[in-house]
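1. predicted model and sequence follow; I will ask about them next.
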Amino acid sequence: MRFRRKNVNAAVKSVSALALVCAVMAGPAFAESNTAVVPLSIIYPGEVISQNRVQEVEVTNPNLSGDYAKRIRQVAGMVSKRTLLPGRTISLSGLREPFAITRGKNVRIAFNVGGMSISAAGMSLDDAAVGDIIKVRNSDSGITVSGTVMPDGSVQVLDQ
């Protein structure tokens, strides 16, 4: 198949014009993607990332892609799932929310059905963040139930 030079030039000009329009319209979005968050020292798995342990740096590699953190607010307060090295970008998939409940902690179990509400004392069998499903042992009966971790630290039992 042959291409005419005239058509190739027209296509290149069209693509260049489109890129220019996108760059002008996206302005702040391009500015945000020019930074990356890197640790100042080694951060080990399970450590909470504080603002004073990371910094924003300018991205000089135009080929850098992926789910790396671009702003400190994306990583502050999060927990690292893997070792983070100084000067290396921080992958967002390598972070998690801090646990709201830890294994062995006493928690309040709540069960609501219609207008009736039942609560009991229990002990968590897993670590979990808010919104996670966790197994809890009822302290009185010894029965294990599953429920969702609520923001107040209680566990809302799932309908069995």
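-> Perfect, I can see it now. Remember, predicted model here, so these are calculated numbers, not experimental data.
2. so is the closest residue to residue 125 other than its chain neighbours in a helix, a strand, or just coil?
-> Spatial nearest neighbour of residue 125, excluding adjacent residues (CB to CB, 6 or more residues apart in numbering): residue 135 at 4.4 Å. C-beta: built from backbone N, CA, C; applies to glycine. Following DSSP: H, G, I helix; E, B strand; the rest coil, residue 135 is assigned to strand.
3. OK, contacts around residue 135?
-> Residues in contact with residue 135 (CB atoms under 8 Å, 6 or more residues apart in numbering) are 124, 125, 126, 144, 145, 146.
4. where do the helices sit along this structure?
-> 5-32 (DSSP state H).
5. tell me where the protein is predicted with low confidence.
-> Across the chain, the ranges flagged by pLDDT under 70 are 1-33, 160.
6. could I get the full set of strands for it?
-> 35-39, 54-58, 79-80, 95-96, 106-113, 116-124, 133-138, 144-149, 155-157 (DSSP state E).
7. closest one to residue 65 among those strands?
-> Smallest distance to residue 65 across these (CB to CB): 11.2 Å, for strand 35-39.
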